[in-house]
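**Student:** Curious how this folds, go ahead:
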Amino acid sequence: MMRALYTAATGMIAQQSNVDNISNNLSNVNTVGYKQEKMEFKSLLYQTIQTRTTSANGEEKPISAQVGLGTRVASNTSIYTQGSLMASENATDFAISGAGFFAVRGADGKTYYTRAGDFVWSVNAGGTLTLCTNEGYPVLDSNNQPINLPAGISAEKVIVSENGKMGYTNAAGTYVDMNQTIGLFQFNNPSGLEKTGTNLLAVTPASGNAMNESTTANLTKSKVLQKYLEGSNVQVADEMVNLIIAQRAYQLNSKAITTSDEMLEQANNLKR
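**Tutor:** Residues are numbered from 1 along each chain as shown. The predicted structure follows:
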């Protein structure tokens, strides 16, 4: 009986984490560049009640008797499928079509990566404009340098092609190449990236090093779409179904605890 109490308790804890994860997915359904997270579980230790060689008459048994001791969260995997592309009127909104990530320089000087392309132009210390995230972190080009707009050029004149090359139209209406390309980077295992908040991801040994699309061979190049944003890939209907399943699993585990408690009470009352 006591084994059932603790086993069911692990199930309740695991399903509570599952509900927390589903809630996070639903709360970010409108977050630009957000990727759905899937909770995965693993079984705990098994207790061997009877080995394969134990029987009443000493004969060898082909199958042992083992009882599981519950479950726990194994991982929370981000699903990096393409989100829907949403048209925008903002010239500093960019969406990635493909497996790439934008690179930004954080406040600590380290490089972080994101799929959220809702950028802005910010005035830097030199008085010119730098392409930044909403938090003010500079967006990096293919050479890991901030993207600065030449002095006297209006941000509304900036044009970005699908391969990320940046340019602008001057007063005469002539296109001028800025000799800068928005940096796009890929990873062997993007699910291994560490989430740091504010849509930023950090490199880990599990993700592997960032691969620059402009210098790494044999990579399928991503496309940069100006005046578009990549929406969340969360499917609300799927998350609602997952929420119902998690709720029912939590309910069943709580019922197992109640049943075990009642059986213990009956066993204790046998002496009366």
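**Student:** Could you tell me how many residues sit around Q266?
**Tutor:** 10 (other C-beta atoms under 10 Å). The C-beta positions use only the backbone N, C-alpha and C, and glycine is treated the same way.
**Student:** Secondary structure element holding the closest residue to N170 other than its chain neighbours?
**Tutor:** Once its chain neighbours are removed from consideration, N170 has its nearest residue in V176; the separation is 5.6 Å (C-beta to C-beta, 6 or more residues apart in numbering). Using DSSP states H and E, V176 sits within strand 175-181.
**Student:** again with L264
**Tutor:** L264 is part of helix 236-268, with elements assigned from DSSP H and E.
**Student:** And that helix, how far out from the chain middle?
**Tutor:** Mean-position distance between helix 236-268 and its chain equals 28 Å (C-alpha atoms, centre = their mean, to the nearest Å).
**Student:** Please apply the same query to stretch 106-121.
**Tutor:** In terms of C-alpha atoms, centre = their mean, the gap separating the centre of stretch 106-121 from the centre of its chain is 16 Å.
**Student:** now do stretch 263-272
**Tutor:** When C-alpha coordinates are averaged (C-alpha atoms, centre = their mean), stretch 263-272 and its chain have centres 50 Å apart.
**Student:** cool, stretch 139-152 as well?
**Tutor:** From the chain centre to the centre of stretch 139-152 is a distance of 27 Å (C-alpha atoms, centre = their mean).
**Student:** Quick check: buried residues in it?
**Tutor:** When neighbours are counted by 16 or more other C-beta atoms under 10 Å, the buried residues of stretch 139-152 are found to be V139, L140, D141, S142, P146, I147, N148, L149.
**Student:** need the strands for the stretch 1-150 of the chain, in chain order.
**Tutor:** With DSSP state E, counting those that start in this stretch as the definition, the stretch 1-150 of the chain shows strands at residue ranges 37-43, 46-50, 65-68, 71-78, 85-87, 94-97, 101-105, 111-114, 120-123, 129-132, 148-149.
**Student:** hang on, the earlier thing: what is the orientation angle of the helix holding L264 with strand 37-43?
**Tutor:** Using axes from the mean of the first three to the mean of the last three C-alpha atoms, to 10 degrees, the interaxial angle of helix 236-268 with respect to strand 37-43 works out to 30 degrees.
**Student:** So which bits of helix 236-268 are buried?
**Tutor:** Taking 16+ other C-beta under 10 Å as the basis for neighbour counts, the residues of helix 236-268 that come out buried are E239, N242, L243, A246, A249, Y250, N253, A256, I257, S260.
**Student:** what packs against that helix?
**Tutor:** Helices and strands touching helix 236-268, by 3 or more C-beta pairs under 8 Å, 6 or more residues apart in numbering; DSSP states H and E, are helix 2-27.
**Student:** can you pull the buried residues of the helix it packs on?
**Tutor:** The neighbour-count check on helix 2-27 (16+ other C-beta under 10 Å) flags 4, 7-8, 10-15, 17-19, 21-22, 25 as buried.
**Student:** Give me the lowest-pLDDT entry from these.
**Tutor:** Least confident of these in the model: A4, at 89.
**Student:** Neighbours of the residue nearest to N170, how many?
**Tutor:** A count of nearby residues for V176, using other C-beta under 10 Å, gives 14.
**Student:** ditto for T114
**Tutor:** Using other C-beta under 10 Å, the number of residues around T114 comes to 23.
**Student:** what pairs with it across the strands?
**Tutor:** Applying DSSP bridges to T114 gives these bridge partners: F102.
**Student:** From what I see, it and R105 are in contact.
**Tutor:** No: under the criterion of C-beta atoms under 8 Å, T114 makes no contact with R105, lying 11.6 Å away.
**Student:** hang on, the earlier thing: quick check, nearest of the buried residues of helix 2-27 to E194?
**Tutor:** N21 (16.4 Å; C-beta to C-beta).
**Student:** Reformat the buried residues of helix 236-268 as TSV; add pLDDT and distance to K38.
**Tutor:** As requested, these are arranged in TSV below (pLDDT from 0 to 100; distance: C-beta to C-beta, whole Å):
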residue	pLDDT	distance to K38
E239	97	10
N242	96	9
L243	97	13
A246	97	12
A249	96	15
Y250	96	18
N253	95	20
A256	93	25
I257	93	27
S260	90	31
